[in-house]
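1. everything below, folded, please.
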Amino acid sequence: MQNGSCLCGAVAFRISGEMRDVLACHCQQCRKTSGHYWAATSVPDTALEMTRKGGLAWFRASDTAQRGFCKLCGSTLFWKPDNADRTAVSAGALDGATGLELSQHVFVADKGGYYALGDGKPLHNQFSGGEDA
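-> Prediction:
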(Lines give C-alpha, C1' and ligand atoms only; values in the text may rest on other atoms or scores of the structure.)
Protein backbone atom coordinates (compact mmCIF):
# COMPACT_ATOMS: atom_id res chain seq x y z
CA MET A 1 0.00 0.00 0.00
CA GLN A 2 1.36 3.43 -0.97
CA ASN A 3 -0.18 6.76 0.02
CA GLY A 4 0.19 10.09 -1.72
CA SER A 5 -1.24 13.59 -1.79
CA CYS A 6 -0.95 17.10 -3.11
CA LEU A 7 0.96 19.78 -1.19
CA CYS A 8 -2.04 21.11 0.73
CA GLY A 9 -3.71 17.74 1.35
CA ALA A 10 -6.99 18.52 -0.43
CA VAL A 11 -6.27 15.58 -2.75
CA ALA A 12 -5.06 12.29 -1.31
CA PHE A 13 -4.91 8.80 -2.73
CA ARG A 14 -3.84 5.25 -2.01
CA ILE A 15 -2.23 2.79 -4.39
CA SER A 16 -2.55 -0.94 -3.88
CA GLY A 17 -0.42 -3.34 -5.85
CA GLU A 18 2.65 -2.82 -7.95
CA MET A 19 3.69 0.46 -9.48
CA ARG A 20 5.74 0.76 -12.66
CA ASP A 21 9.24 2.16 -12.16
CA VAL A 22 9.45 5.90 -12.70
CA LEU A 23 10.07 7.43 -16.08
CA ALA A 24 11.04 11.02 -16.72
CA CYS A 25 9.06 12.75 -19.46
CA HIS A 26 10.73 15.75 -21.06
CA CYS A 27 7.94 16.68 -23.51
CA GLN A 28 6.94 20.33 -23.66
CA GLN A 29 3.53 19.65 -22.11
CA CYS A 30 5.03 17.90 -19.05
CA ARG A 31 7.62 20.65 -18.67
CA LYS A 32 4.94 23.35 -18.83
CA THR A 33 2.64 21.68 -16.28
CA SER A 34 5.36 20.70 -13.81
CA GLY A 35 7.95 23.43 -14.26
CA HIS A 36 10.63 20.87 -15.19
CA TYR A 37 10.48 17.34 -16.54
CA TRP A 38 7.79 15.14 -15.01
CA ALA A 39 8.69 11.96 -13.12
CA ALA A 40 5.82 9.49 -12.93
CA THR A 41 4.94 5.94 -12.09
CA SER A 42 1.87 4.24 -13.54
CA VAL A 43 -0.79 2.02 -11.99
CA PRO A 44 -3.94 0.23 -13.12
CA ASP A 45 -7.02 2.34 -12.42
CA THR A 46 -8.31 -0.43 -10.16
CA ALA A 47 -5.24 0.07 -7.91
CA LEU A 48 -5.75 3.84 -7.49
CA GLU A 49 -8.20 4.89 -4.78
CA MET A 50 -8.99 8.53 -4.09
CA THR A 51 -9.23 9.03 -0.31
CA ARG A 52 -9.70 12.82 -0.48
CA LYS A 53 -10.70 14.58 -3.69
CA GLY A 54 -12.13 17.94 -2.66
CA GLY A 55 -9.37 19.79 -4.52
CA LEU A 56 -9.13 17.47 -7.52
CA ALA A 57 -9.67 19.06 -10.93
CA TRP A 58 -9.01 17.76 -14.43
CA PHE A 59 -7.65 19.64 -17.43
CA ARG A 60 -8.16 18.36 -20.98
CA ALA A 61 -4.50 18.54 -22.01
CA SER A 62 -4.84 17.14 -25.53
CA ASP A 63 -7.19 15.22 -27.79
CA THR A 64 -6.00 12.00 -26.15
CA ALA A 65 -5.36 12.70 -22.45
CA GLN A 66 -6.24 14.75 -19.40
CA ARG A 67 -4.23 15.88 -16.39
CA GLY A 68 -5.34 15.80 -12.77
CA PHE A 69 -4.17 18.49 -10.36
CA CYS A 70 -5.13 20.17 -7.10
CA LYS A 71 -7.15 23.31 -7.79
CA LEU A 72 -6.17 24.71 -4.37
CA CYS A 73 -2.37 24.34 -4.27
CA GLY A 74 -1.64 23.63 -7.94
CA SER A 75 0.13 20.29 -7.48
CA THR A 76 0.39 18.24 -10.67
CA LEU A 77 -0.76 14.74 -9.73
CA PHE A 78 -2.05 12.59 -12.60
CA TRP A 79 -1.92 12.04 -16.34
CA LYS A 80 -4.76 9.92 -17.71
CA PRO A 81 -4.79 8.82 -21.35
CA ASP A 82 -8.19 8.28 -22.93
CA ASN A 83 -9.06 4.68 -23.74
CA ALA A 84 -6.61 3.28 -21.19
CA ASP A 85 -7.17 1.55 -17.88
CA ARG A 86 -4.02 3.02 -16.30
CA THR A 87 -3.15 6.37 -14.73
CA ALA A 88 0.29 7.95 -14.47
CA VAL A 89 0.92 9.26 -10.95
CA SER A 90 3.45 11.92 -10.00
CA ALA A 91 6.32 10.21 -8.19
CA GLY A 92 6.85 13.36 -6.15
CA ALA A 93 3.33 13.12 -4.73
CA LEU A 94 4.03 9.74 -3.11
CA ASP A 95 4.67 9.65 0.64
CA GLY A 96 7.83 8.12 2.11
CA ALA A 97 9.99 5.41 0.62
CA THR A 98 8.56 3.83 -2.51
CA GLY A 99 11.21 1.36 -3.65
CA LEU A 100 10.83 2.78 -7.16
CA GLU A 101 13.74 3.67 -9.43
CA LEU A 102 14.02 5.92 -12.46
CA SER A 103 14.03 3.59 -15.46
CA GLN A 104 14.22 5.83 -18.54
CA HIS A 105 13.87 9.28 -20.06
CA VAL A 106 11.29 9.89 -22.80
CA PHE A 107 10.77 12.70 -25.30
CA VAL A 108 14.36 13.81 -24.74
CA ALA A 109 14.42 15.76 -28.03
CA ASP A 110 11.99 18.17 -26.33
CA LYS A 111 13.98 18.59 -23.11
CA GLY A 112 14.80 22.01 -21.72
CA GLY A 113 18.09 23.54 -22.77
CA TYR A 114 19.10 24.39 -19.22
CA TYR A 115 19.92 20.87 -17.99
CA ALA A 116 21.90 17.84 -19.12
CA LEU A 117 21.02 14.16 -19.03
CA GLY A 118 23.85 12.02 -17.76
CA ASP A 119 22.51 9.46 -15.32
CA GLY A 120 23.09 6.55 -17.70
CA LYS A 121 19.38 5.69 -18.00
CA PRO A 122 18.00 4.90 -21.49
CA LEU A 123 17.06 7.93 -23.59
CA HIS A 124 14.12 7.84 -26.02
CA ASN A 125 12.68 10.45 -28.39
CA GLN A 126 9.22 8.91 -27.91
CA PHE A 127 7.52 6.81 -25.28
CA SER A 128 8.63 3.24 -25.74
CA GLY A 129 7.49 1.47 -22.60
CA GLY A 130 4.38 -0.30 -23.85
CA GLU A 131 2.16 1.44 -21.25
CA ASP A 132 1.04 4.99 -20.67
CA ALA A 133 3.55 7.65 -19.74
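
2. who's in contact with the residue lying closest to A39 once chain neighbours are set aside?
-> Using CB to CB, 6 or more residues apart in numbering and skipping the chain neighbours, the partner closest in space to A39 is A91 (4.4 Å). Any C-beta I mention is one placed from the backbone N, CA and C, and that applies to glycine too. The contact partners of A91, taken as CB atoms under 8 Å, 6 or more residues apart in numbering, are V22, A39, A40, T41, T98, L100.

3. pick out the most distant pair among the residues you listed.
-> Using CB to CB, the pair of those lying farthest apart is A40 and T98, separated by 12.0 Å.

4. quick one: which of those two has more around it?
-> Per other CB atoms under 10 Å, whichever of A40 and T98 has more neighbours is A40, with 26 against 15.

5. quick one: low-confidence parts of this structure?
-> Scanning the chain with the threshold set as pLDDT under 70 gives 128-133.

6. what segments of it are strands?
-> Applying DSSP state E to the chain gives strands spanning 2-5, 11-15, 22-25, 38-44, 48-53, 56-60, 65-70, 76-81, 86-90, 102-106.

7. next, format those as TSV and append distance to Q126.
-> Formatted as TSV, the strands of the chain follow (distance: least, CB to CB, whole Å):
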stretch	distance to Q126
strand 2-5	27
strand 11-15	26
strand 22-25	11
strand 38-44	15
strand 48-53	25
strand 56-60	22
strand 65-70	15
strand 76-81	14
strand 86-90	16
strand 102-106	7
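
8. related to what we said a few turns ago, distance to R60 added to the contacts of A91, as a markdown table?
-> Shown next, in a markdown table, are these (distance: CB to CB, whole Å):
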| residue | distance to R60 |
| --- | --- |
| V22 | 25 |
| A39 | 23 |
| A40 | 18 |
| T41 | 23 |
| T98 | 29 |
| L100 | 28 |
